[in-house]
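A.B. asks: Below are the sequence and a predicted model for it; my questions follow.
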Amino acid sequence: MNDTPDWLAHYLVYGSLPTPAPVDDRPIEVVERNDWLEALTIAIRNATARCLDDNKRAAIGASGGLDSSLIMASCERRRLHAYHLDIGQDEEEYASYAIDATGQWPGGARRLDFNDRFLKETTDALGEPAADPATQATFMLARWAAEDGAEVLLSGLCADEMTGSYGRFVRHRDDLDADNYPAELTVFRPSDVAALTGAECDDGIYDHVWRHLRQWPSGEFVNALGWMDLQTYAHSCQRMTSKLGSAVGLEVRYPFADPEVTDLLMSMPTRHKMGEKGKVPLKRIAESVFGDEFANRAKRGFGAPIREWVCKHQRAAYDVICTPSYIDNEAAARVVGDFSHPLWAHRVWALYVLGRWEGESNGN
C-alpha cells in the first residue's frame, strides 16, 4: 500500500483526474463602464453565433437554469434541439418555459436514475474514473442528442466561475485566503488520502496556479477566484465534457469560454457581479428575457442526485468501495460512517466510482 500511483492521489483529492491548464498570466485590469449588461448581452450573442457558424445540427441541454437558457436566448437565427434531463430537481417547468420563450425545438424529457450499467458506460467513454456529479448527466444528455442526429452540443460551462456563482466565492469575496482556498475544490484532503492508501500524498498538480493566486493584488478577489477556477476545475470539466461528447460523435462547444465573453467578465468589478449571492449580471439579463421569478430563483446545478443514490444503495456501495486493493478497508468504513461530514455523499460516491472502475478494469 506504499506504492500509491499519482493518478490515485489526484483522483481522491479532486474526485476526477485533474488537467492543469497553462497559466494565463496576462494582467487582468478591472475597468469601469456604464454599459456592462448591454456589452455582455452582445458578447454572449456573438459567442453563441460563433459556436453555430458552420450550420451543423446543434443541441443543448435545457436544464431550466440561467446558463443554458441565456444561450438559447442568444440564438438569433438558429433553432437548437433542446433536451431536458430530469435529475430530481423539479426544473422541467422552467426548462419548458425557456424552450418555448426562445423558440427552440423541444426534444423531450428523460429522467436520470442510478444504474450501474450506465455508470460503466460513462467510465468506459471517459477511460478513467470520475466522481463529478455532472458526469453521468452530461453523458446521458450527449448520447441522447447524438442518437437524435445532433452533431454539436452547446454547454454553459464557465459561466459560474466568472460570475461568482458558487458558495465559495461568497465566503471569500472580502478575504482571499490563498493558502486554504484550494481545499474548497477537494473531495479528500491529502491527510485523508494518506489514511485511505497508507502513503503520503504529494498533491502538487496545481501548485503553479496557487502560487499565482497568492500574488493577486488585494481587492477584486472574486475575479481572482474566477481566474483560478478557469485554470483548474472548469478546465478539467471541459476536458471531460468534450471527451464524453466525442465518445458519441458530438463536438461540445462552450459560448461562455469564448474570449470575448471571458475578457469582458474578468474585467468586471466585483460589485457588478455579486450582491448577497453571485451571478448578478446574468440574472439581470435573464430578467429582461424570462422575468423576475425565473431569473432569481435558487441555483440548482446540473449534478446527478448522488446523495439520494448513496443513501438508497449504501450497503451495496460499501461492498464495492472495499474492492480496490490499494484502499484500506477500515479507513473506507470510517468514510462511509461519517454521516456528519458535509461532503459525506460525495466522498462515498468517489470511492464507489473508483471501486466499480477498478473492478471493471480487472474484469470483475
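C.D. replies: That came through fine.
A.B. asks: now the strands: where do they sit in the stretch 151-300 of the chain?
C.D. replies: Here the stretch 151-300 of the chain has its strands, by DSSP state E, counting those that start in this stretch, at 152-154, 251-253.
A.B. asks: Ok, which of these comes nearest T48?
C.D. replies: Nearest of the strands of the stretch 151-300 of the chain to T48, taken as C-beta to C-beta: strand 152-154 at 7.4 Å. Bear in mind the C-beta positions are built from the backbone N, C-alpha and C, glycine included.
A.B. asks: Mind listing the strands that closest one pairs with, and their directions?
C.D. replies: strand 58-61 (parallel), strand 251-253 (parallel) (DSSP bridges).
A.B. asks: State the mean pLDDT of the shortest one.
C.D. replies: Along strand 251-253, the predicted local confidence has a mean pLDDT of 98.
A.B. asks: tell me which residues of that strand are tucked away?
C.D. replies: V252, R253 (16 or more other C-beta atoms under 10 Å).
A.B. asks: residues making contact with that strand?
C.D. replies: For strand 251-253, contacts defined as C-beta atoms under 8 Å, 6 or more residues apart in numbering pick out 51, 56, 142, 151-155, 241-242, 244-246.
A.B. asks: Now a PyMOL select for only the buried ones of those residues.
C.D. replies: Typed into PyMOL, the line below selects the buried ones among those, using 16+ other C-beta under 10 Å:
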select buried, resi 51+142+152+153+154+155+241+242+244+245
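A.B. asks: would you list the contacts of strand 251-253 in JSON lines and tack on pLDDT and distance to A298?
C.D. replies: Output for the contacts of strand 251-253, formatted as JSON lines (pLDDT from 0 to 100; distance: C-beta to C-beta, whole Å):
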{"residue": "C51", "pLDDT": "96", "distance to A298": "28"}
{"residue": "K56", "pLDDT": "95", "distance to A298": "35"}
{"residue": "A142", "pLDDT": "96", "distance to A298": "26"}
{"residue": "E151", "pLDDT": "97", "distance to A298": "34"}
{"residue": "V152", "pLDDT": "98", "distance to A298": "30"}
{"residue": "L153", "pLDDT": "97", "distance to A298": "26"}
{"residue": "L154", "pLDDT": "98", "distance to A298": "24"}
{"residue": "S155", "pLDDT": "96", "distance to A298": "22"}
{"residue": "T241", "pLDDT": "96", "distance to A298": "24"}
{"residue": "S242", "pLDDT": "97", "distance to A298": "29"}
{"residue": "L244", "pLDDT": "97", "distance to A298": "27"}
{"residue": "G245", "pLDDT": "97", "distance to A298": "28"}
{"residue": "S246", "pLDDT": "97", "distance to A298": "33"}
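A.B. asks: Of the contacts of strand 251-253, just say which sits nearest to Q104.
C.D. replies: Nearest member of these to Q104, counting by C-beta to C-beta, is L154, at 10.9 Å.
A.B. asks: Look up how far E287 lies from the closest one.
C.D. replies: Note on L154: its distance to E287, by C-beta to C-beta, to the nearest Å, is 22 Å.
A.B. asks: give me the low-pLDDT residue ranges for the stretch 1-150 of the chain?
C.D. replies: 1-4, 23-28, 88-90 (pLDDT under 70).
A.B. asks: redo that, cut-off 50
C.D. replies: Counting by pLDDT under 50, the stretch 1-150 of the chain contains low-confidence residues at 1-2.
A.B. asks: Look at the residue lying closest to P182 once chain neighbours are set aside and say how many residues are nearby.
C.D. replies: Of all residues not flanking P182 in the chain, W210 sits nearest, at 5.7 Å (C-beta to C-beta, 6 or more residues apart in numbering). Other residues lying near W210 total 15 when counted by other C-beta atoms under 10 Å.
A.B. asks: what does A247 give?
C.D. replies: Using other C-beta under 10 Å: A247 sits among 18 other residues.
A.B. asks: I figured it hits T122, correct?
C.D. replies: No - using C-beta atoms under 8 Å, A247 is not in contact with T122; the gap is 9.1 Å.
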